[in-house]
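> Sequence and predicted structure, then a few things I'm wondering about:
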Amino acid sequence: MSESTNNNPRSLFDKVWRAHEVIPETASHPAVLYVDLHLIHEVTSPQGFEVLRQRGLEVRRPERTLATLDHSTPTLPARDGRRPYVTDAAREQVETLYRNCREFGVELNGWDSPHRGIVHVMGPELGATHPGATIVCGDSHTSTHGAFGALAFGIGTTQVGHVLATQCLLLRKPRSMRIVVDGRLPDSVAPKDLILHLIGAIGVDGGTGYVIEYSGSAIRALGMEGRMTVCNMTIEAGARAGMIAPDEVTFDYLQGRPLAPAGPAFDAARERWTKLASDPGARFDHEVTIDASAIAPTVTYGTHPGMVIPIDAKIPPPGTLAERRALEYMGLSPGQSLLGHKIDVVFIGSCTNGRLSDLEQAAAVLAGRRVAQGVRMLVVPGSEAVRRQAEAAGLDRVFVSAGAEWRLPGCSMCIAMNGDGVAPGHTAVSTSNRNFEGRQGPGARTLLASPATAAAAAVSGCIADPRRLAPTREAVG
Amino acid sequence: MKPLQRLTSRTLVLEQANIDTDQIIPARFLTTTVSTEMGRYAFYDWRFDSSGAERPGCVLNEPETRGKQILVAGTNFGCGSSREHAPWALLDFGFRVVISDRIADIFRANALNCGLLPIVLDSADHRWLIEHPGAEITVDVAATRVELTAGRQVEFELDPFARHCLLEGVDALGYLLQQVPAIEAFERGAG
Ligand code: SF4
């Protein structure tokens, strides 16, 4: 890998991209890009494995492939030795992944693994997510791993087949955007509020065609879990990948994890990783600046993640036909305040906000309070490791004694394909990432929010400002 | 993948902006291990009510819709999830081409990989199509041109390699497999 010079300042994205070019792009052909880590789950992989079978191919680098079960998995425990799958098809899908992983020699963190979790929670936790790596998964929230300075993005199932067979992808190089978030995030304003605010600012298609690098003092001040929350929702602004330059926070997080380099190899890696940051003067195709100090707890009120307002603001008049339809779907009116708006369900979890710090923030609000009558609250840890840590810290007891349900790890109500869903017409406050029509079940109405805002809604029975409810003693992770 | 060279069809217009892949195929239909016969789930919750009855007034339920092979959609089509089940569903429903003035990155790549041609036009041409639902237009893949009316032809961008794959009806895996020597060399170099 060539060192960059001052005459040729390069961005983080550019460095990672170039280091993985097997064949650079030409006018006639896209680049062949090498993939360091291929994450797999049950929903988007079966047809990819099937292609291998049809063509008599092997998985090229099984040791660079890591599988888990998360989307179709029930979050209620097995009864009489049987997992309560929502349908036979869901069970069959999970069993297919077991078969495929056995047949092709891929490691699967299945039901018995202490590491099983939502793919984007599990990878970083295991230390499989490395700065400067290329990481793909048949899942759009693969952008999460960019928090470590990896180039990580979602792919389709045909491409899953490509990566299984060749460890490579055909790709044109995207353009680059830098989003500088300066200033200090106010206390009790979470990384989730930051990214919701940002999507509102640049729009749900503002990042289309780009890879985004987040920088600035407010980003540097975030812990790894907060950085993951931000990178996770990059796709909600249309960009396939979001990246943050690795720093001491990153290295501290990774050191000692099972799949991170160890001993002298760690020191050598850290030396390389330190050089990944964008050089001063690196050029971007587009730049945006955001003032962190002006961000308030932020919630969505429509049917895409760009329809956001500060929690105490009024719903703006719809600008388009689609926005008018969105308000009708949500049962909301322009000029209305969300504060006091009645809710039915609260969901804490997902690859956006299903990590320990997220559960701590929710628990801090719930401690000593009760989930309001008529509200159903589901808390779903992002992984087995998160579950263990949360239980060791007694968070599960906080949730259960407040009247919430404490479940097994998985995607759960984020995508509602495992049986955990929101009833038609019901309003959910969810810490997940998508509020599309029907995302949490047909006719379900979703408001996206931070864990603290969701927990505040749970105890209030309506949208409530977490700043007026909870002390700010829990630091943002 | 079925080849696509030239196609003349009436358009179906879904004007709404930001049609996400959860609308194109709801997640509960993703518990499948195959990629065939997904058309019945396309826009399922738009087409059917909670009892499974057809929603009257949904343009997707009109008999003549089934003959239309070109979908014209509002801006930012295909945003959201990376599920390739979305283009699979649209193809099986009968579409070969999707036109918008902005199409989400992952959807676009997925569509090309399974033989559904995503075309991005500038807003004026896109607007014209939105305002002329059912217009008969011709898509010429080799020439990367759309003929809106006899006198109105517009070019669109299509990666030359993707165009080749579409014209020939081949997927990209064959090409990637030919690059294995370069991949091996890269792996040796990268350790
Ligand atoms: S938690 Fe939600 S967004 Fe994340 S991987 Fe699962 S379904 Fe996708």
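Received, thanks.
> secondary structure class for residue B:65?
Assigned state for residue B:65: helix (three-state reduction, DSSP: H, G, I helix; E, B strand; the rest coil).
> Surely residue B:157 touches residue B:120?
Yes. Judged on Cβ atoms under 8 Å, residue B:157 makes contact with residue B:120 at a distance of 6.9 Å. No exception for glycine: its C-beta is placed from N, CA and C like everyone else's.
> Of the two, which one has the most company?
A count of neighbours by other Cβ atoms under 10 Å in any protein chain shown puts residue B:120 above the other of residue B:157 and residue B:120, at 18 against 9.
> quick one, phi/psi of the more buried one?
phi -100, psi 120 (degrees, to the nearest 10).
> what's the neighbour count on the nearest residue to it once chain neighbours are set aside?
Counting by Cβ to Cβ, 6 or more residues apart in numbering or on different chains, residue B:120 lies nearest to residue B:103, which is 5.6 Å off, once chain neighbours are set aside. Using other Cβ under 10 Å, residue B:103 has 23 other residues around it.
> which residues touch residue B:103?
Residue B:103 makes contact with B:76, B:77, B:78, B:111, B:118, B:120, according to Cβ atoms under 8 Å, 6 or more residues apart in numbering or on different chains.
> neighbours around the residue in the stretch 251-400 of chain A that chain B sits nearest to, how many?
Proximity of the stretch 251-400 of chain A to chain B (Cβ to the nearest Cβ) peaks at residue A:322, 4.5 Å away. Residues near residue A:322, counting by other Cβ under 10 Å, number 20.
> Remind me which helix or strand residue A:198 belongs to.
helix A:191-202 (DSSP states H and E).
> That helix and the ligand, are they touching?
No. Figure legend: helix A:191-202 not in contact with the ligand (Cβ under 6 Å from any ligand atom); closest approach 13.4 Å.
> Beta-bridge partners for the residue nearest to residue B:120, please?
Under the criterion DSSP bridges, residue B:103 forms beta bridges with residue B:77.
> again with residue A:79
In this entry, residue A:79 is beta-bridged to residue A:82, by DSSP bridges.
> and the closest residue to the ligand within chain B, backbone torsions?
Residue nearest to the ligand within chain B: residue B:81 (7.1 Å; Cβ to the nearest ligand atom). Backbone torsions for residue B:81, taken as degrees, to the nearest 10, come to phi -60, psi 150.
> And the residue of the stretch 251-400 of chain A closest to the ligand?
Going by Cβ to the nearest ligand atom, the ligand is nearest to residue A:351 of the stretch 251-400 of chain A, at 3.3 Å.
> tell me which element that residue falls in.
Residue A:351 belongs to helix A:350-353, assigned by DSSP H and E.
> right, and the helix or strand after that helix?
Where DSSP H and E defines the elements, the next helix or strand beyond helix A:350-353 is helix A:356-366.
> Quick one: name the residues of the stretch 351-477 of chain A near chain B.
By Cβ under 8 Å from any Cβ of the partner chain, the residues of the stretch 351-477 of chain A that approach chain B are A:415, A:416, A:417, A:424, A:434, A:436, A:437, A:438, A:439, A:442, A:443.
> Could you rerun that using 6 Å?
Within the stretch 351-477 of chain A, the positions adjacent to chain B are A:415, A:417, A:436, A:438, A:439, A:442 by Cβ under 6 Å from any Cβ of the partner chain.
> which ones are touching the fourth one?
By Cβ atoms under 6 Å, 6 or more residues apart in numbering or on different chains, the contact list for residue A:438 reads B:26, B:45.
> same deal with the first one?
Neighbour list for residue A:415: residue B:27 [criterion: Cβ under 6 Å, 6+ apart].
> Okay, it and residue A:166: tell me how far apart.
Residue A:415 sits 29 Å away from residue A:166, going by Cβ to Cβ, to the nearest Å.
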